[in-house]
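Chemist: task: produce atomic coordinates for the following.
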Amino acid sequence: MELVKNEFVSMISHELRTPLTAIKGYAGLLQAYSVPDRRAEHYEAEMTPVRQQQYLDVIMEQVNHLEVLIGDLLDISRIEAGRLALHFTEVNMALLCRRVTRLAQDCVDQRQPGKYHIHCNVDADLPLAWADPDRVEQVLNNLLDNAIKYSPDGGVIEVLAGTQNPSCMFPPMEEQNLPETRLQQTIGGAQEPLILYITVRDHGIGIPDQQRTQLFKPYSRLEHTAIDYIPGVGLGLYITHKLVQAMHGEIVPDSREGEGTGMTFTLPASGANQISLPHTNFITFSRSEKSLVTSI
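Modeler: Have a look, this model is predicted:
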């Protein structure tokens, strides 16, 4: 455990230092250019409005990265303490998926115009979900961030939502079968599944077979030379997994190395049986998970 602790401290230190170094460097340039005498002595290039905006964009990008990292660490702390509360209500998943997809597309277009094409395909009659809307949005953002991160060559990324199991990207494997749920709802005297399926699918580098068992473990990251330069401490999928479970769903990967990945999670639909589900829920660690994190 001491080795795990040292590796984690080293990883976090590096992840914090990198954006701070960038922020300090670009803020220093803006500061230097703001003083005419200092600029004349040490800098030949002129501080144009375009260059100033570029520097500010880099600073904001790094600030956002820090914000996400600190948010993940706070979530881990709250989950461990059993203090991360989820507030359940009816959620219009069609609107939420479209909004998150549009914002993700706008974000990547600002950085790399035309490289990614994020599409949203939602069933027209998609029922309302029974979940925490803020945490569902967090889950979708985490999965979209991963889809972008693990598609270094760009391409199409899809968000699919419906009440039927999405077709697998690849020939089905036993461990890729989506979980069945016992949550049911009586509609017109017939038993209908009370479940929504939401899939985020990319066509990137995929997940090697030997790494799939590590996907939802804390502080683990996909090892691939194509994404070694991308920052991260391996908390996103772990937190996503815990959030989906706390909202009475499951999350399952469908991937093949070199061809892409689909991550599908389920949520209960709002309906006659929602009274049996809580309006507030608290996430807690299992004993083995807690021993790992508290040792760190």
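
Chemist: quick one, domains of this structure?
Modeler: As recorded under automatic domain parsing, the domains making up the chain are 2-81, 86-294.

Chemist: rank those by mean pLDDT and give me the bottom one.
Modeler: Confidence, taken as mean pLDDT, is least for domain 2-81 of the domains of the chain (a mean of 73).

Chemist: only the buried residues of stretch 90-103, if you could.
Modeler: By neighbour count with 16 or more other Cβ atoms under 10 Å, stretch 90-103 contains the buried residues 91, 93-94, 96-97, 100-101. (Glycine included, C-beta is placed from N, CA and C.)

Chemist: can you point out the buried residues in stretch 76-91?
Modeler: Those would be 76, 79-80, 84, 86, 88, 91, for stretch 76-91 by 16+ other Cβ under 10 Å.

Chemist: want to try JSON lines for those, with distance to residue 244 and secondary structure as columns?
Modeler: Putting these into JSON lines (distance: Cβ to Cβ, whole Å; DSSP: H, G, I helix; E, B strand; the rest coil) gives the following:
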{"residue": "76", "distance to residue 244": "16", "secondary structure": "helix"}
{"residue": "79", "distance to residue 244": "13", "secondary structure": "helix"}
{"residue": "80", "distance to residue 244": "18", "secondary structure": "helix"}
{"residue": "84", "distance to residue 244": "13", "secondary structure": "strand"}
{"residue": "86", "distance to residue 244": "11", "secondary structure": "strand"}
{"residue": "88", "distance to residue 244": "13", "secondary structure": "coil"}
{"residue": "91", "distance to residue 244": "13", "secondary structure": "strand"}
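
Chemist: spatially, which two of the residues you listed are the most separated?
Modeler: Largest separation among the buried residues of stretch 76-91 by Cβ to Cβ: 80 and 91, giving 26.4 Å.

Chemist: isn't residue 105 right up against residue 118?
Modeler: Yes: look at residue 105 against residue 118 with Cβ atoms under 8 Å: they come within range, at 4.5 Å.

Chemist: so these two - more neighbours on which side?
Modeler: residue 118 (23 against 17; other Cβ atoms under 10 Å).

Chemist: understood, closing this out.
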